[in-house]
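> sequence first, predicted model second:
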Amino acid sequence: MWEAIWDVVLDAGIDTLKLIPYLFITYLVMEWFEHRMEHKSQNVVQKAGRLGPLVGGVVGVVPQCGFSAVASSLFAGGMVTAGTMIAVFLSNSDEMLPILISEKVDVGTMLKILAVKAVIGILFGFLLDFIYHGMLKRPQRYKNIENQHPVHDICDEKHCKHGDSIFKAAIIHTLTITVFIFVFSLILGGIIEAIGEETIASMVSSIPVVGELIAGLIGLIPNCAASVVITELYLDGVIGAGPMMSGLLVGAGVGILVLCRLNRGHLRQSIMLIAYLYFVGVFVGSVIDALGIVF
């Protein structure tokens, strides 16, 4: 028994250590890019008007820490439509891309996943605006409020150190995700050792839509751990492309948390938007699974 436990710990440690250099380089590039593009991206989305879902879906796919939080802030302040915010949520990749890069996943596969997320974000963003602001005649709210400080406070809680040097921010981000990956690898390794990988995979895929429903619930967790778990499960072959896409589409990082905090005066509206996000994720993932699409 102790030998099996030691093997699980050793495998998790070795696999995690191998990822650290790739994670650090990836986060260093992302931090540099974000420091140069943060306010530009926000301004572009804010000025998009009715084309907000198109711009949000395209800009949202670019890895930017806390951009989903900015989208929530802009929506709560009445600066963008509901569809624009949802488009950013759906296209946002959170921690997925750094992990895929560190695991040396084929570039073509990464581009396909990002492209699907962007397209889904755009389509369902426009659909939400058509239903919400068109059919239901819900006006766009405009408030004279300042939301940027709460957004940055929440991002700081999640280790998005906007005010620090890019090197320090990259190190902190790398260490945080490394811990998540190591802990998850330990847990998953223990489960696989006890039950077997094929048994786990068959349990997830034996009943249609169940995998997508569960992955979508994991994606709703307002923390970078959600995208880490979903991506690692996919790379380990435990879940297929359908559940993976469901979890990653729903996984908006801290965006959902910011929406609930800044839009607290409109709780019913926030719940409806989160439910819409979850429905889209599960629906798209189920379609992918039914069609047998792979990435």
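Yep, that arrived.
> all contacts plus neighbour counts: C-alpha atoms, from now on.
Noted.
> please tell me how far Leu123 sits from Gly253.
21 Å (Cα to Cα, to the nearest Å).
> quick one, which of the two is more surrounded?
Using other Cα atoms under 10 Å as the criterion, Leu123 and Gly253 rank with Gly253 on top: 30 against 15.
> ok now stretch 258-277, how far from the chain's centre?
Mean C-alpha position of stretch 258-277 versus that of the full chain (Cα atoms, centre = their mean, to the nearest Å) differs by 17 Å.
> average model confidence for that stretch?
Mean pLDDT, stretch 258-277: 86.
> stretch 83-101 - what's its average pLDDT?
88.
> packing partners of the helix or strand harbouring Ile99?
According to DSSP states H and E, Ile99 maps onto helix 96-102. Packing partners of helix 96-102 (3 or more Cα pairs under 8 Å, 6 or more residues apart in numbering; DSSP states H and E): helix 2-46, helix 224-235.
> pick out the shakiest of those, pLDDT-wise.
helix 2-46 (a mean of 70).
> I'd like to know which elements whatever helix or strand comes next after that one is packed against.
Reading on from helix 2-46 to the C-terminus, the next helix or strand found by DSSP H and E is helix 52-60. Counting contacts by 3+ Cα pairs under 8 Å, 6+ apart, helix 52-60 packs against helix 2-46, helix 82-91, helix 107-129.
> turn these into TSV, including distance to Ile166.
Compiled in TSV, the helices and strands packed on helix 52-60 are given as follows (distance: least, Cα to Cα, whole Å):
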stretch	distance to Ile166
helix 2-46	6
helix 82-91	24
helix 107-129	25
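> now, of the ones you listed, which is deepest in the fold?
By mean neighbour count, with neighbours taken as mean count of other Cα atoms under 10 Å, helix 82-91 ranks first of the helices and strands packed on helix 52-60 at a mean of 32.
> can you list contacts of that one?
45, 52-61, 68, 71-72, 75, 114, 117-122, 124-129, 132, 248-252, 255, 273, 277, 281 (Cα atoms under 8 Å, 6 or more residues apart in numbering).
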